[in-house]
Every structure is written in C-alpha cells, then in structure tokens.
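In: Need coordinates for the below:
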Amino acid sequence: MHRALNLDILCYMIIFLENRDIFRLSVTHRSAYEALLPLTWSTLVFTDCDLALRCCRSLAVNKDRMRFVRRLLVSYWCILPYPPTRPTSLVPFLSEFLRLAINLRSVDIRLLEQPGFCTPEIIEPLTCLHQLSTMALGLMTTTNCHYLSRLRTKCLRSIELEIDERLTNITDFLRPFQATLEEVRLNLWAPPTVHFASVSVHLVINNGDIWPHVHTLELKGISVLAPSTLVHAFPQVRSLRVYNQRRHSLRDRRPCIWPSLALVESNSLDALDELVDWEHTGHLDRLDLSAASVPWRKGRENMPWGSAIEIPRLEEVLRWTSPNAFSLALVVPMPPSFFDMLKIAAPQLGHLGIYFYEWQSPSFNKHFEDKELGDLLPFGMEELPITSFRLHLHVCDRLQRRIKNIVSERFLPKLPHVEYVHYKSHSDNEDTTWRIIRNAEGSVQLSDVPDDQQYALKQRGGFA
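Out: So this is what the prediction gives:
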C-alpha cells in the first residue's frame, strides 16, 4: 500500500465494513491506522460486562484514544449481569472514562438504580461534558435529577428519560434547555414485561414553559391534565408518539389542534383522542398504529381481526387526516370491508405498512400457510395508489424462507402500482428493500436495492 493513502477512498471503503473489519484494516498500514483510529473509537457500545471492563482498561492505558470517543451506549445487559455484584468493578473504570472523554457527545446508559451500580459516580462526570448533545438515561429518580441539574452542556438537543413514577418535577430539569432541545422522549419506567404502562405520571407544565424548537415528542405512560398546556409548551411538534392506556376518568378532556403535526404514532386511537383534535389538525404525512395489536387470546375475542382499533373510529380519523403513509398491526387477515373503507377514507394513500403477528392456536398445532398469509391483503385493493409497501413479519422460519415468493405471488398482484417493498423480519431482524420489476408478460421480479439507497427509500415511505 502506498504511503500517501487516499483518505476519500478509505472513507468510502469503510462504509461496507463492520467495526471489527475496520479495526483489522487500521493495523495494515500506518496511514490507515492514523486515519481510522478516530473512527475505530468514535462509538463504544457496551453489551457485556467483561468486554466493557476490558475496553475500559485498554482506554485507561491509552488515554489519548479517549478524545476520539463521541458516542457511548451502555446496555441493560452490561449493567445487569449475573451475578448482580459484578458491575461494582465496572463503575470506577466507567466513571474515569466519563471524566476523560471530554469530546463525548452522545450518552445512553440504562438501569442506573441496579444493586451494585453506584449512581453518583456515573452521573457526576456527565455534568462536566460541555459538548453533550444527546442523552438517554434510566432510571430517573429524584436523586439522579438532583445531580443532573448541574449539567454544564449548552448544546443538548435530544433527551430520552425513563422516569420513576414518584418523580413529578421533570419539567424543572428540562427548563434550562428550552433554547436547544429538539427531541424529547419521556417514558414511565415499567418492568420489561409491561409494554405499555397505564398513565400514572402527569407532566406539570407552567404557563411560561415553552420549548420552541422541539419537533419530536414521545410520551409513554405519561400524560397531562390539560392537553392545551402541552400544545402551548411544544408548539412546533411535527412527530408525536404516544404510548398510553386511556383512563376512563379523563374522558372529558378537550383535545387540541397541533398546527405543525405531520407524523403520529401510537398504540391506541383512544390515547391520541385525549390529545389530538383530528378534525381540525389537518393532513398528516404518516399515521402509524402498528403497535396497536392484540396478540393475546382474550383480546382477540373482542377484536377478532387482531387490532385494538374500532373500524368506524379509524375511518373518521383517516378521512380527516388523509395520511400519505399508514401502518397497522394484524394477527389474522382483515375482512375486505376494511380495505373498501380504506379506499374511500384515504384514496390518496401512497404507502401501506403491515405488522403481522402469527398467532398459533393451542388447540391446532399448525402455522399459517402461504395462501392465508397472502390473504392479509384481499383482492379489491387495486384502486389504491400505493407505491411502496412495508411488511414486518413475526412468523415461523418456514414462511421466512419463502417470503419472496409470497410477496411476488400473493401480494403484488393486488398492488399493481407498488414500486418498492420494504421487508423486515422479527425473528432474524433482517431489514431489506426490494425494487419491483414488472415484465410485459405480467410476471414480477424482486430486485435487491443497494444498502446506500435503502434509507432514502424507507424515509420517503415513512418507514425509516
């Protein structure tokens, strides 16, 4: 390799490499080592306690590398290994790392309140990071909030917090960052087995609280007593994500108009009805209700088509908002009448997403067949101008292996205008995009889309 290594070519090469391969490439040539060292250490993801200890010890010996670290993620499984006393040895290394990684801009640390994991030793160094722009922390208690109130960063743009239900003054913590925050995600902490917590924390928002630059707001298990205060505090929200269970005692609250709303995502229309005046909010780019599934048996008795949404109410919302992209969840094929409603209520729909959960009856030891999966979309949808289709499957391995045939033989004949299919597998986490090639004879082929083009296509369809 020539000494004057072309850095543009090198940077293009690493797009197609995993981190391990980038590290191996960096030791092949001095110029490659000097160029790739910042990239090799720019992101640290700790998912295992022993590996995290080895990495921290290596950085303790080579402190000059800490200036390259820009992002740190410490997962649940790193902090909560077995036995639970092992994280005590990680704390001093992690604390020292946070004190020396002065260029750290993104921090994601979970389960701060676990036994053996000393919160002050981790939280205090965070307050000294002047360039911190993205922060995700859990579990936020009154003690943690007290330490973090001394944050010195002036460029915090994105924050995600898992909140203890006893913490009611979280807006006091957010108030110093009114001029910089762009994304706010507040989640009520719940055990891992609880997917959507019932609302038990209400934000206390003062009249003068305004975060004028926030464009993404997510509330999980958290609500407000007066929706108007939420709209007043976050007037420029374009993306609203709400994961709550509606409380019957609060049904009389008046929803509000969100002037800039473009994307709505939720597990329930009821939870959104408390906050959004659908009739007057206007057009949406994307309505995502794929989290509103009912995979358990008792729920399916009341909602036989497998979604926690009443069709008449959904028809009203679709007619008022006219979304370009719409996603929903299914556990059984929906009746053709639903798609007849879809054609009438959302005739301009360009992107359709379906999350399919294969529900297996205990009395019948069999999975869905190809035809039954293909019947998720009935005939009669040809009039919808859908140009991209998103399919997220949670099915058996046999269907996964035949998914290309199922898409081309069962789905695409009913979607003659589709140009792209975005496919994601829940079992092996495969996420890919296929371009549709239609021959003059009427046959259909699926062509793989290069990785560097997939994100733009998914974003255009609202699936990124």
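In: When you work out contacts or count neighbours from here on, use the C-alpha atoms and nothing else.
Out: OK.
In: Going along the chain, name the helices of the stretch 351-464 of the chain.
Out: Under the criterion DSSP state H, counting those that start in this stretch, the stretch 351-464 of the chain contains helices at 370-374, 397-401, 403-406, 451-460.
In: Repeat that for the stretch 151-300 of the chain.
Out: Going by DSSP H, counting those that start in this stretch, the stretch 151-300 of the chain shows helices at 170-174, 227-233, 269-273, 278-281, 297-302.
In: Mean pLDDT added to these, as TSV?
Out: As requested, these are exported to TSV (pLDDT from 0 to 100):
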stretch	mean pLDDT
helix 170-174	85
helix 227-233	88
helix 269-273	82
helix 278-281	88
helix 297-302	40
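In: To Val421, which of those helices lies closest?
Out: helix 269-273 (26.7 Å; Cα to Cα).
In: Which strands and helices lie in contact with that closest one?
Out: Packing partners of helix 269-273 (3 or more Cα pairs under 8 Å, 6 or more residues apart in numbering; DSSP states H and E): strand 239-243.
In: ok, now with 10 Å
Out: Where contact means 3 or more Cα pairs under 10 Å, 6 or more residues apart in numbering; DSSP states H and E, helix 269-273 is packed against strand 239-243, strand 263-266, helix 311-321.
In: returning to that earlier point: out of the helices of the stretch 151-300 of the chain, flag the one nearest Leu73.
Out: helix 170-174 (21.8 Å).
In: Who are the contact partners of the nearest residue to Tyr76 once chain neighbours are set aside?
Out: Nearest residue to Tyr76 in three dimensions, chain neighbours excluded: Arg110, at 5.6 Å (Cα to Cα, 6 or more residues apart in numbering). By Cα atoms under 10 Å, 6 or more residues apart in numbering, the contact list for Arg110 reads 73-80, 136-140, 161-162.
In: ok so, going back, same list, the helices of the stretch 151-300 of the chain, but as TSV with distance to Ser42 please.
Out: Converted to TSV, these look like this (distance: least, Cα to Cα, whole Å):
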stretch	distance to Ser42
helix 170-174	28
helix 227-233	35
helix 269-273	39
helix 278-281	42
helix 297-302	46
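In: so which of those gets nearest Val27?
Out: Closest of the helices of the stretch 151-300 of the chain to Val27 is helix 170-174, at 44.2 Å (criterion: Cα to Cα).
In: elements contacting the closest one?
Out: Using 3+ Cα pairs under 10 Å, 6+ apart, helix 170-174 sits against helix 142-148, strand 158-163.
In: got the CA coordinates for that helix in PDB?
Out: Extracted in PDB, the C-alpha atoms of helix 170-174 (Å, rounded to 0.1, in the frame of the first residue of the first chain):
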ATOM      1  CA  ILE A 170     -39.200  16.600  35.400                       C
ATOM      2  CA  THR A 171     -40.000  19.800  33.600                       C
ATOM      3  CA  ASP A 172     -37.800  21.600  36.100                       C
ATOM      4  CA  PHE A 173     -34.900  19.600  34.700                       C
ATOM      5  CA  LEU A 174     -35.900  20.300  31.100                       C
END
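In: Can you report how many residues neighbour Glu162?
Out: 20 (other Cα atoms under 10 Å).
In: partners of it in the sheet?
Out: In this entry, Glu162 is beta-bridged to Gly138, Asn187, by DSSP bridges.
In: That one contacts Ala136, correct?
Out: Yes. The criterion here is Cα atoms under 10 Å, and Glu162 meets it with Ala136 at 8.2 Å.
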